[in-house]
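Asks: quick one, structure for this:
(one chain, ligands or ions: 3)
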Amino acid sequence: MESTLKEMRVGASVLDMDPKSTVGGGVEDVYGEDRATEDLLVTPWTISVASGYTLLRDPQHNKGLAFTEKERDAHYLRGLLPPAIISQQLQEKKLLKTIRQYQLPLQKYTAMMELEERNERLFYKLLIDNVEELLPVVYTPTVGEACQKYGSIFKRPQGLYISLKEKGKVLDVLKNWPRKSIQVIVVTDGERILGLGDLGCQGMGIPVGKLALYTALGGIRPSACLPVTIDVGTNNEELLNDEFYIGLKQRRATGQVYYELLHEFMTAVKQNYGEKVLIQFEDFANHNAFELLAKYGTTHLVFNDDIQGTASVVLAGLLSALKLLGGNIADHTFLFLGAGEAGTGIAELIALEMSRQTKVPLEETRKMIWLMDSKGLIVSSRKDSLQHFKKPWAHEHEPVKGLLDAVQAVKPTVLIGTSGVGRTFTKEVIEAMVFYNEKPIILALSNPTSHSECTAEEAYSWTKGKAIFASGSPFAPVEYEGQVFYPGQSNNTYIFPGLGLGLVMSGAIRVHDDMLLAAAEALSGQVTEEHFSKGLIYPPLCNIRKISAHIAALVATKAYELGLATRLPRPANLVKLAESCMYSPTYRNYR
Ligand SMILES: NC(=O)C1=CN([C@@H]2O[C@H](COP(=O)(O)OP(=O)(O)OC[C@H]3O[C@@H](n4cnc5c(N)ncnc54)[C@H](OP(=O)(O)O)[C@@H]3O)[C@@H](O)[C@H]2O)C=CC1
Ligand SMILES: CC(=O)C(=O)O
Ligand SMILES: [Mg+2]
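Replies: Numbering: from 1, shown residues only. Ligands and ions are numbered 1, 2, ... in the order given. Below is the predicted model:
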């Protein structure tokens, strides 16, 4: 139990005291201990030192066979372990070998999750040291399959489930979580999991995976991370008919019922963890995502990863590509397939950057950007029937249905896939891109791999090696006519860990667009000549902690400039601060 005296002091105000209580609550009596009466129950939190069998079963402190002779004596471990002492390094080597032996990605995923539950430090050591190899296991594409099969691979719960059954009790549910000092929450309602649609309660794999990356890539302590799934039902018939489904078996609640539960959650989070806890909205459907962001963006430290994190990573890639191609961002014309969260989020940040660079008003720079949805090109004649987030993109043009026709009409220099539909960048579409451009920029952002708008091989072979290509899920390097091409991964995973670290370490209280621009500049600044020579527009993920530190520093700098930082005075060297803040997974010695 991680509870400390300090945590017990955090508390509710005297104003919400129980009328029957005869004792006044202390100023920060969140757990109601000061004001408890015979009718008012409290939780008996305790502090204890783990030893013996309990220590071996405690994932935060377990070191497996790495416990020294002295530790085995001091902590009652004699006989509970075989005699060999195996260092963390050797344990890591053995595990990597085991994981590599598994044929199926889902087996590797399960092995990693079991390791996390058994030995947290070893899990993070393995992930950090082998990030390029293991990211596709704990994150896209495998996490998508894991969510689809969550019911059958489910053994022990991870994260916090807040369902409609908990309405009216959300604060109590938060208090059940064993860790008290939370800095980052990733929350989903499971309605738009990657490009896989509504997976209901099984979407939990996403907050769990994203938070593992907050720790591995951004250095946020695992104990400070809280994955949350809000379960308001699912409209996925297959899950509703599945006897093993782990979520609420009802159709999704909408309207007032939905918003009341979300509001209760947002209020309880602030009440329990304060103003500086970061909340990342993840994989909500767009009919809720924009509204939630607009509503809570002014009252909470919150951002939507699919709208804003994705925008920042794509802008970073474009800024890098400009260094390769020359010219300015305003020289480009953009066409998006997909006008939802990712598409319109990216489009808006590009338009903002163009406006900043050229001093041309935002309404004008938006005109360089075209979006398509499932009904075709977004044009002014459709304006009345468009969802509000599409309206700014309804430019004057005759209606266009298909993507190839749109490419021919708009002649984009940059084609971006954010539709969630695989194989929509056909040979004809890609050939049209290279017909109009010496070096077309093609980003197939939809996840997981099976939903990517095209493969890396298709992008390079259909453009005869001319494309600057990146994708949301990773592709291996491609050999085309004797030359090797390295596709980059354009995924918000480059941004949110560093963004989160910057916000947390500066004690920021709100997320601002300038921070997303700063994160994009920081990421783009990490791309070197060597990377460019391979055709990469993103730096390799093996340097991600260094990259995250730079992102964090620029984000924190913005927080200070905007007066949104509360950690005062401003530390002199923010890169150093970011590096020194990061969680290290090496084993500690026990007294
Ligand atoms: N690489 C990354 O970092 C990220 C990738 N993504 C990926 O992007 C994809 C979309 O996510 P998100 O924007 O949140 O989803 P949304 O549901 O908000 O948007 C999807 C958009 O695609 C459109 N669309 C659907 N089918 C077609 C089609 N056949 N042709 C043209 N347009 C189509 C939809 O049209 P309509 O509005 O008419 O329904 C909608 O505008 C997902 O696969 C997700 O995994 C998301 C975030 C980050
Ligand atoms: C990467 C991501 O956030 C998504 O595909 O939804
Ligand atoms: Mg997402």
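Asks: please make it C-alpha for all contacts and neighbour counts, starting now.
Replies: OK.
Asks: flag every buried residue along the one helix or strand I350 maps to.
Replies: Using DSSP states H and E, I350 maps to helix 341-358. Using 16 or more other C-alpha atoms under 10 Å as the test for burial, helix 341-358 gives 341-355.
Asks: report the entries of those that also contact ligand 3.
Replies: Residues of these in contact with ligand 3 (C-alpha under 5 Å from the ion): none.
Asks: farthest pair in those residues?
Replies: E341 and S355 (20.9 Å; C-alpha to C-alpha).
Asks: helix or strand right after the longest strand out of those in the chain?
Replies: If each strand of the chain is counted by residues according to DSSP state E, the longest one is strand 225-231. On the C-terminal side of strand 225-231, the nearest following helix or strand under DSSP H and E is helix 237-240.
Asks: tell me the helices and strands packed up against the next helix or strand after that next one.
Replies: Beyond helix 237-240 on the C-terminal side, the first helix or strand identified by DSSP H and E is helix 255-273. Under the contact definition 3 or more C-alpha pairs under 8 Å, 6 or more residues apart in numbering; DSSP states H and E, helix 255-273 sits against helix 170-176.
Asks: any idea how far the helix it packs on is from the chain center?
Replies: Distance, stretch centre to chain centre, for helix 170-176: 23 Å (C-alpha atoms, centre = their mean, to the nearest Å).
Asks: one more: stretch 476-489?
Replies: 27 Å.
Asks: quick one: that stretch near ligand 2?
Replies: No. With C-alpha under 6 Å from any ligand atom as the criterion, ligand 2 is not reached by stretch 476-489; the gap is at least 10.3 Å.
Asks: buried ones in that stretch?
Replies: V478, F485, Y486, P487, G488, Q489.
Asks: which residue sits closest to the fourth one, ignoring its sequence neighbours?
Replies: The one in question is P487. A470 (5.2 Å; C-alpha to C-alpha, 6 or more residues apart in numbering).
Asks: could you do H300 as well?
Replies: Nearest to H300 is R510, by C-alpha to C-alpha, 6+ apart, at 6.3 Å.
Asks: just checking, that neighbour touches L301?
Replies: Yes. The pair R510 / L301 is scored as a contact, 4.4 Å apart, by C-alpha atoms under 8 Å.
Asks: filter the buried residues of stretch 476-489 by proximity to ligand 3?
Replies: Of the buried residues of stretch 476-489, not one also sits near ligand 3 (C-alpha under 5 Å from the ion).
Asks: dump these into a markdown table; add distance to P82 and secondary structure as well.
Replies: Formatted as a markdown table, the buried residues of stretch 476-489 follow (distance: C-alpha to C-alpha, whole Å; DSSP: H, G, I helix; E, B strand; the rest coil):
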| residue | distance to P82 | secondary structure |
| --- | --- | --- |
| V478 | 47 | strand |
| F485 | 48 | strand |
| Y486 | 46 | coil |
| P487 | 46 | coil |
| G488 | 45 | strand |
| Q489 | 43 | strand |
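Asks: out of these, which one sits closest to R221?
Replies: When the buried residues of stretch 476-489 are compared for distance to R221 (C-alpha to C-alpha), Q489 wins out at 25.2 Å.
Asks: so what's that closest one scoring on pLDDT?
Replies: Confidence at Q489, expressed as pLDDT, is 98.
Asks: roughly how far does it sit from T310?
Replies: As for Q489, its distance to T310 is 12 Å (criterion: C-alpha to C-alpha, to the nearest Å).
Asks: do P178 as well
Replies: P178 is 32 Å from T310, by C-alpha to C-alpha.
Asks: hang on, the earlier thing: how much space between the residue nearest to H300 and ligand 1?
Replies: Look at R510 and ligand 1: by C-alpha to the nearest ligand atom, to the nearest Å, they are 21 Å apart.
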